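Novice: Compute the structure for the input listed below.
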Amino acid sequence: MGRKWPGCDEPLPEMVRRGLEQFNAGEYFEQHETLEQAWRAEMRPVREVYQGILQIGVACHQIERGNYAGAVKMLRRGLAHLAGAPDRCQGIDVARLREEARRLLDRLEALGPQGLHRIDRRWFPQVMFE
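Specialist: Numbering: from 1, shown residues only. The predicted model follows:
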């Protein structure tokens, strides 16, 4: 996406960095708590990036808990929040995250609820950031 959003050229806030580190460590409940604080505090469009990441992390948590419907719903919501975002924002590789989350959603939908146990954690997205 070629457009610019206010705040995307700024450095990554420390709280968001901590949430991304939690996300990448598989601490999905914790990343939700951390990124929700950042999302609530931010009023500019960049908050959509935080919310999208948060929801993709919740989807991973739902997969771990065996909740197919919850995982699909949260992946779709997270992708919707990231859809209009610039490809890079505050050093976050949003384009790559969209691609990885879309791939996970496609695999999840192809396997269906009965195949949820076949989802490999190595398919879970990682958030690349500077």
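
Novice: gap between the nearest residue to residue 111 once chain neighbours are set aside and residue 112?
Specialist: Excluding its sequence neighbours, the residue lying closest to residue 111 (CB to CB, 6 or more residues apart in numbering) is residue 118, at 5.6 Å. Backbone N, C-alpha and C define where each C-beta goes, glycine included. Counting by CB to CB, to the nearest Å, the separation of residue 118 from residue 112 is 10 Å.

Novice: go on, residue 43?
Specialist: Computed with CB to CB, the distance linking residue 43 and residue 112 is 39 Å.

Novice: Same question for residue 52.
Specialist: As defined by CB to CB, residue 52 lies at a distance of 25 Å from residue 112.

Novice: And the two? Which one has more around it.
Specialist: Counting neighbours by other CB atoms under 10 Å for residue 52 and for residue 112 shows that residue 52 has the greater number, 25 against 11.

Novice: Give me the residue ranges of this protein where confidence is low.
Specialist: Regions of the chain meeting the criterion pLDDT under 70 cover residues 1-2.

Novice: Look up how far residue 66 lies from the residue nearest in space to the middle of it.
Specialist: Among the residues of the chain, the one closest to the centroid is residue 53, at 2.4 Å (CA atoms, centre = their mean). Distance check for residue 53 against residue 66: by CB to CB, it reads 23 Å.

Novice: Okay, buried residues for stretch 46-55 please.
Specialist: Of all the residues in stretch 46-55, those buried under the rule 16 or more other CB atoms under 10 Å are 46-55.

Novice: meant to ask about stretch 104-112, not that
Specialist: 104-105, 108.

Novice: just checking, residue 102 touches residue 79?
Specialist: Yes: applying CB atoms under 8 Å as the test, residue 102 and residue 79 come out as touching, 6.3 Å apart.

Novice: So between these two, which is more surrounded?
Specialist: residue 79 (19 against 14).

Novice: Checking that one next. Helix, strand or coil?
Specialist: helix (DSSP: H, G, I helix; E, B strand; the rest coil).

Novice: Okay, it and residue 9: tell me how far apart.
Specialist: Computed as CB to CB, the residue 79 to residue 9 distance reads 24 Å.
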